[in-house]
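Visitor: Predicted coordinates and the sequence they were generated for:
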Amino acid sequence: MGRRYRVGILGATGTVGQRFAQLLEDHPQFEITAMAASDRSAGKPYSEACAWKLSGRIPAGVRDIVVTPIEPPMDCDIVFSSLPSSVARETEEAFARAGYPVISNSSSYRMDEDVPLLIAEINGEHVRLIERQREKRGFDRGFIVTNPNCAVVSFAPPLAALHRKFGVESVFVTTMQAISGAGYPGVASLDITDNVFPYIAGEEPKVEIEAQKILGSLTDGGVVKADFTVSAQCFRVNVVDGHVASVRVKLRSSATLEDVVAEMRAFPSLDLHSSPETFIEVTDEPSRPQPKLDRDNGNGMTITVGRVFPDNIFDYRFVALSHNTVRGAAGSAVLNAELLISKGYI
Ligand code: NAP
């Protein structure tokens, strides 16, 4: 067996932090040794500080870890961050400067030109921005790597499949996002029960810009963003986990429906511990994907696509689904850490 790394979680008591604790319970490369959160939690054992909301019990290995404030040093080799963006920018920089690899779910650094915004299967080579980042920011061993907004993760993979082969010209996307995406306690029950909520603060701008960086090409001058426009509307819906994206796409070259489906299905997964067997699963069932039935595909790491059809205004339309706290957050961060180890950055 290879080396085991000691892992610290920033924002460990939150929705994404709990998912980290669950996903890392039996991980062959990682062991959680440190957990940090706000002053409300610091000084308490994790089992007391955390209002555990996932099925199953709090993993035994983390129950008694005493939560610390979000400052270096932390008793670990790698830091996963699931902090609100209001505190993430300063804190993540402090950890990177103190020599820790920081793998972040927060939006704070995603669009910085020297910070990789990774979906491991799509743009793993963007990790090379780390050298640029270290030079620019004067980091020695530490660095910051980010994963995308949880709604972007649902539709960027099928777009990547189409962009590689046919070129994407424009995208119209409507997202239907789960309640857990707002963290805990998140949206008030009276706002979301019997309702569709047409506003998620700050979400539409993120959904309109992140895919272009992820699908961009790495050059000596940095990432040249993919040249397409995205128009997005984002809704909060009464679903616990699983973000759905309804997508219409205009392509730069012509493609048959069979080509479109074949390109999505053929997009390879990786050979890392958290990689799903199938990265993009395309279903022919007319009533799928559905959050309740499909969010756990590939242990929550598969993107499920369905209802792929020619469109009357754009070229094609489809519906894409991903598990927002697994593929959209903690699971992708863990996969990114596995990728960084495999490429020698950790
Ligand atoms: P959450 O449930 O509200 O959890 C927030 C965590 O941050 C808690 O551990 C909280 O600690 C800690 N925290 C809050 N304010 C703090 C402060 N001032 N100083 C130190 N720690 C503080 O939120 P979440 O849903 O896990 O989201 C965390 C981050 O991940 C956000 O940036 C979010 O945008 C991003 N993200 C979330 C999802 C998702 O599906 N939920 C998906 C992708 C990305 P206490 O318990 O002590 O308050």
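Guide: Sure thing, it's come through. Numbers count the residues shown, from 1 in each chain.
Visitor: would S246 count as being in a helix?
Guide: No. Applying DSSP: H, G, I helix; E, B strand; the rest coil, one finds S246 to be strand, outside a helix.
Visitor: Excluding covalently adjacent residues, which one is nearest to it?
Guide: The shortest distance from S246 to any non-neighbouring residue, by CB to CB, 6 or more residues apart in numbering, is to T174 (4.5 Å). Using the backbone N, CA and C atoms, a C-beta is placed for each residue, glycine as well.
Visitor: quick one: that neighbour from A156, how far?
Guide: Distance of T174 to A156, computed by CB to CB, to the nearest Å: 15 Å.
Visitor: cool, R295 as well?
Guide: From R295 over to A156 (counting by CB to CB), the distance is 17 Å.
Visitor: again with R3
Guide: Taking CB to CB, one finds R3 at 31 Å from A156.
Visitor: Can you give me the neighbour number for E92?
Guide: For E92, the neighbour count with other CB atoms under 10 Å is 26.
Visitor: just the one 10 residues further on next, same as before
Guide: Other residues near V102 number 27, with proximity taken as other CB under 10 Å.
Visitor: That one belongs to a helix, doesn't it?
Guide: No. Per three-state DSSP, V102 lies outside any helix segment and is strand.
Visitor: Near the ligand, which residues of the protein? Just list them.
Guide: Contact residues, the chain versus the ligand (CB under 6 Å from any ligand atom): 11-17, 37-38, 40-41, 70, 82-85, 87, 105-106, 150, 180-181, 183-184, 324-325, 328-329.
Visitor: before we move on, back to that, compare neighbour counts for R3 and A156 and give me the winner.
Guide: Of the pair R3 and A156, A156 is the one with more neighbours under other CB under 10 Å, namely 30 against 8.
Visitor: Do I have it right that V173 meets V230?
Guide: Yes. Using CB atoms under 8 Å, V173 is in contact with V230, at 6.3 Å.
Visitor: Which residues are in contact with each of these two?
Guide: V207 (CB atoms under 8 Å, 6 or more residues apart in numbering).
Visitor: and the residue of the chain found nearest the ligand, how many residues sit next to it?
Guide: Using CB to the nearest ligand atom, G14 is the residue of the chain that sits closest to the ligand, at 2.0 Å. Other residues lying near G14 total 24 when counted by other CB under 10 Å.
Visitor: now do the one 5 residues further on
Guide: For R19, the number of neighbouring residues by other CB under 10 Å comes to 28.
Visitor: so what's the backbone phi/psi at it?
Guide: phi -70, psi -40 (degrees, to the nearest 10).
Visitor: pLDDT score for it?
Guide: Looking at R19, its pLDDT stands at 98.
Visitor: Tell me how many other residues surround the residue nearest to it when sequence neighbours are not counted.
Guide: With sequence-adjacent residues excluded and distances taken as CB to CB, 6+ apart, R19 is closest to A330, at 3.9 Å. A total of 28 residues lie near A330 under the criterion other CB under 10 Å.
Visitor: try V196
Guide: 10.
Visitor: can you tell me which residues contact it?
Guide: Contacts of V196 (CB under 8 Å, 6+ apart): M176, F235, R236, V237, N238.
Visitor: Then Y100?
Guide: So Y100 contacts G8, P72, M74, C76, D77, I78, V79, G142 (CB under 8 Å, 6+ apart).
Visitor: List the beta-bridge partners for G222.
Guide: T219 (DSSP bridges).
Visitor: so it touches H126, yeah?
Guide: No. In this structure, G222 is not within contact of H126 by CB under 8 Å, at 9.5 Å.
Visitor: in the helix ranked longest in the chain, what's buried?
Guide: Ranked by number of residues, the top helix in the chain under DSSP state H is helix 150-166. Buried residues in helix 150-166, counted by 16 or more other CB atoms under 10 Å: 150-163, 165-166.
Visitor: How much space separates the residue located most distally from the centre of the chain from R252?
Guide: Largest separation from the mean C-alpha position in the chain: N312, at 31.6 Å (CA atoms, centre = their mean). Applying CB to CB, one obtains 19 Å for the distance of N312 from R252.
Visitor: and what of V171?
Guide: 12 Å.
Visitor: Tell me where the stretch 1-150 of the chain has helices.
Guide: 15-23, 46-49, 60-63, 85-97, 120-123, 129-137, 150-166 (DSSP state H, counting those that start in this stretch).
Visitor: Take those and write them to CSV, including distance to A201.
Guide: As requested, the helices of the stretch 1-150 of the chain are exported to CSV (distance: least, CB to CB, whole Å):
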stretch, distance to A201
helix 15-23, 16
helix 46-49, 26
helix 60-63, 31
helix 85-97, 11
helix 120-123, 27
helix 129-137, 28
helix 150-166, 13
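Visitor: Specify which member of the contacts of V196 is nearest to K136.
Guide: R236 (36.8 Å; CB to CB).
Visitor: tell me, how many neighbours does that closest one end up with?
Guide: Neighbours of R236 using other CB under 10 Å come to 23.
Visitor: partners of it in the sheet?
Guide: Beta-bridge partners, per DSSP bridges, of R236: Q177, F197.
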